[in-house]
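**Q** Below is the sequence, then the predicted model.
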Amino acid sequence: MEIKYRLIRSNRKRLSLEINESGLTIRAPKYAGNDDIRQFIMKNESWIIKNLEKYDSRRKKYEGVKKLSIDEIRQLADEAVDYIPKRVEYYAKVIGVTYGRITIRNQKTRWGSCSSKGNLNFNCLLMLTPKEVIDSIVVHELCHRIEMNHSKRFYELVLNAFPEYYKWNNWLKENGAEIMYKGNNCIE
């Protein structure tokens, strides 16, 4: 099977690959030779094929799903800016942690994140999920203020603050891909 790809050269140190709606993109250092790139592709061929097929399958699965407009995304972001900080404030007191800045975005792959400085990021698409899912993500990110990993201790902290975490995490695993698909295909 011939693997088609787009090549982007830049001032980077290593080769990397990315699969998205455009297909396969190889990012390479300016000095990387064509043989290096071909070897990199051959070395990662099974991963590339598996993930190209997975992406294609997902695209076909959600073909009939209506994508959100830019205005709908903005409305979700406005709702999230109003709602999520209140949940963060509530659960920060429950867990006993502080936090920095809260940012709401339309993210392509993440529901939330916590930086080492305590800044929190949340996906505005969370507003399309049950409120318990939002709480589970808020608790997850706030617990990273104590444990910046996913250790047993981390999940003990999460479950202590939000005992139904796994139930709602499973809901997100089952339904999240479709929600991400709806919200990440608009062009500004």
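**A** All right, it came through fine. Residues are numbered from 1 along each chain as shown.

**Q** switch to C-alpha atoms for all contacts and neighbour counts from now on
**A** Fine.

**Q** tell me the secondary structure for residue 68?
**A** Assigned with DSSP: H, G, I helix; E, B strand; the rest coil, residue 68 falls in the coil class.

**Q** And for it, the neighbour number?
**A** 16 (other C-alpha atoms under 10 Å).

**Q** mind checking pLDDT for it?
**A** If you check residue 68, the pLDDT there is 92.

**Q** Wait, it touches residue 180, no?
**A** No. Residue 68 sits out of contact with residue 180 when judged by C-alpha atoms under 8 Å, with a separation of 10.1 Å.

**Q** hmm, what's the outermost residue in this protein?
**A** residue 35 (33.0 Å; C-alpha atoms, centre = their mean).

**Q** Would you tell me what helix or strand that one is located in?
**A** Here residue 35 sits within helix 34-43, counting by DSSP states H and E.

**Q** quick one: contacts of that helix?
**A** Outside helix 34-43, the residues within contact range by C-alpha atoms under 8 Å, 6 or more residues apart in numbering are 15, 28, 48.

**Q** 10 Å - rerun?
**A** With contact meaning C-alpha atoms under 10 Å, 6 or more residues apart in numbering, helix 34-43 is reached by 3, 5, 7, 15-17, 26-29, 44-45, 47-48.

**Q** for this structure, which residue is closest to the average position?
**A** The chain has residue 110 as the residue nearest its centroid, 1.7 Å off, counting by C-alpha atoms, centre = their mean.

**Q** the strands in the chain, which residues?
**A** 6-10, 16-20, 23-29, 102-105, 112-114, 120-123 (DSSP state E).
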